[in-house]
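> here's my sequence, what's the structure:
(one chain, ligands or ions: 2)
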Amino acid sequence: MGEQEMPTGPVKRRLGVMGGTFDPIHHGHLVAASEVAALFHLDEVVFVPTGEPWQKSQRAVSPAEDRYLMTVIATASNPQFSVSRIDIDRGGPTYTIDTLRDLKALNDDADLFFITGADALAQILTWRNADELFSLSHFIGVTRPGHVLTDDGLPEGGVSLVEVPALAISSTDCRARVAQGDPVWYLVPDGVVRYIDKRELYRGA
Ligand SMILES: Nc1ncnc2c1ncn2[C@@H]1O[C@H](COP(=O)(O)OP(=O)(O)OP(=O)(O)O)[C@@H](O)[C@H]1O
Ligand SMILES: O=C(O)c1ccc[n+]([C@@H]2O[C@H](COP(=O)([O-])O)[C@@H](O)[C@H]2O)c1
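Ligands and ions are numbered 1, 2, ... in the order given. Presented below is the predicted three-dimensional model:
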C-alpha cells in the first residue's frame with residue numbers, strides 16, 4: 001500500500017507588490033523587485049504607480065500617465081513583472097490600504113508581499129490604517145543607501161528585512177540631473193531616458 005496522501009489546500013500564488021511614485025522609475029526600484037522576487041520565490045511582481053502620493057504633496061509630481069508609461073517601459077522586458085493602474089484609476093490620494101484591498105479582491109488565489117525601501121518602511125506607521133496593513137500582506141523592507149533598515153515598532157512576523165545590492169539612486173537625483181542637463185543613462189532604463197526626453201520631463205525641476 002502506498003503512502004497515505006495528506007489533504008492539502010490549493011497552493012497559493014505569491015504576488016509581490018512594488019508601490020511607488022516612480023517619478024521616474026530607476027534601477028534601484030528594479031533591482032529591489034528582482035532580488036526580492038528571487039529570494040521569496042515570487043511568481044510575479046506587480047508595480048503599482050501611485051495616483052496622488054499624499055505624502056509628496058510638497059512638490060509637483062509628474063502626470064500619472066507619464067509615470068505609468070515609464071513604469072511599463074521599464075518593466076516590459078521582464079516576464080515576471082507587470083504594472084497595475086489601480087491606484088491611478090481609483091482617483092484621489094493613494095493609500096496602500098486601498099491598494100492591498102483591491103489587489104486581494106482581484107487575486108484571491110494569492111498571498112501578497114509588499115516591497116518597500118528602508119525610507120518608506122520607517123514611515124509606515126504614519127500610513128492610513130497602518131494596523132490593518134499587516135493583515136492583508138507580508139511586508140519586505142529592503143536596504144537603501146543612506147537609510148537605516150529597521151522593523152522597530154512594527155508587528156512581529158509581519159515584516160522581513162533583506163539586503164539587496166545597494167544602488168544609491170533616487171528619483172529626486174534623476175530629476176535634478178535632467179534639470180541640470182546631466183545624463184541619466186544607466187541610472188534609469190534606456191527607454192525611460194528616451195521617454196523623459198520625448199516628453200521633456202523634469203527640465204524645469
Ligand atoms: N535605490 C533604492 N534602493 C532600494 N529601494 C528603493 C530605492 N529607491 C526607491 N526605493 C523604494 O522604492 C519605493 C518607491 O520609491 P519612490 O518611487 O518614491 O522612489 P524615490 O527614489 O524614493 O523617489 P523620490 O526621490 O522622488 O522620493 C519606496 O519603497 C522606496 O523606498
Ligand atoms: O497608505 C499610505 O498612507 C501611504 C503613505 C505614503 C506612501 N504610501 C505608499 O508607499 C509606496 C512608496 O511611496 P512613495 O511616496 O515613497 O513613492 C507607495 O506605494 C505609496 O502609495 C502609502
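> in contact with the closest residue in space to residue 37 that isn't next to it in sequence, which residues?
Spatial nearest neighbour of residue 37, chain neighbours left out: residue 45 (5.2 Å); criterion: C-beta to C-beta, 6 or more residues apart in numbering. The way it works is simple: take the backbone N, C-alpha and C, and place the C-beta from them, glycine included. By C-beta atoms under 8 Å, 6 or more residues apart in numbering, the contact set of residue 45 is 15-18, 33-34, 36-37, 80-82, 115.
> which helix or which strand is home to residue 68?
When elements are assigned from DSSP states H and E, residue 68 belongs to helix 64-75.
> that helix near ligand 1 at all?
No. With C-beta under 6 Å from any ligand atom as the criterion, ligand 1 is not reached by helix 64-75; the gap is at least 8.6 Å.
> what is the neighbour count of residue 30?
Close neighbours of residue 30, defined as other C-beta atoms under 10 Å, add up to 21.
> touching, it and residue 73? I think so.
No. Residue 30 lies out of contact with residue 73 (C-beta atoms under 8 Å); the separation is 11.5 Å.
> how close does residue 159 get to residue 69?
The gap separating residue 159 from residue 69 is 32 Å, by C-beta to C-beta, to the nearest Å.
> now do residue 147
28 Å.
> and these two? which has more neighbours close in?
residue 69 (17 against 14).
> quick one: name the residues of the protein near ligand 2.
So the chain meets ligand 2 at 19-21, 50, 53, 55-56, 94-97, 120, 127-128 (C-beta under 6 Å from any ligand atom).
> okay, and which of these map to strands?
For the residues of the chain next to ligand 2, the ones inside strands are 19-20, with DSSP state E as the criterion.
> is the next helix or strand after the helix holding residue 68 anywhere near ligand 1?
Using DSSP H and E, the helix or strand that follows helix 64-75 towards the C-terminus is strand 81-83. No. Strand 81-83 lies out of reach of ligand 1 by C-beta under 6 Å from any ligand atom, never closer than 13.3 Å.
> per-residue confidence averaged over strand 81-83?
What strand 81-83 shows for mean pLDDT is 98.
> then stretch 58-75?
Stretch 58-75 shows a mean pLDDT of 96 in the predicted model.
> output it as PDB, nothing but the C-alphas.
Only the C-alpha atoms of stretch 58-75 are listed here, as PDB (Å, rounded to 0.1, in the frame of the first residue of the first chain):
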ATOM      1  CA  GLN A  58       5.100  69.500  -1.100                       C
ATOM      2  CA  ARG A  59       6.300  69.100  -4.700                       C
ATOM      3  CA  ALA A  60       4.800  68.900  -8.100                       C
ATOM      4  CA  VAL A  61       4.500  65.300  -9.200                       C
ATOM      5  CA  SER A  62       4.500  64.400 -12.900                       C
ATOM      6  CA  PRO A  63       1.300  63.400 -14.600                       C
ATOM      7  CA  ALA A  64       0.200  59.900 -13.600                       C
ATOM      8  CA  GLU A  65       0.100  58.800 -17.200                       C
ATOM      9  CA  ASP A  66       3.700  59.700 -17.700                       C
ATOM     10  CA  ARG A  67       4.700  57.800 -14.600                       C
ATOM     11  CA  TYR A  68       2.600  54.800 -15.600                       C
ATOM     12  CA  LEU A  69       4.100  54.700 -19.100                       C
ATOM     13  CA  MET A  70       7.700  54.900 -17.800                       C
ATOM     14  CA  THR A  71       6.900  52.000 -15.400                       C
ATOM     15  CA  VAL A  72       5.500  50.000 -18.300                       C
ATOM     16  CA  ILE A  73       8.600  50.700 -20.500                       C
ATOM     17  CA  ALA A  74      11.000  49.800 -17.600                       C
ATOM     18  CA  THR A  75       9.400  46.500 -16.800                       C
END
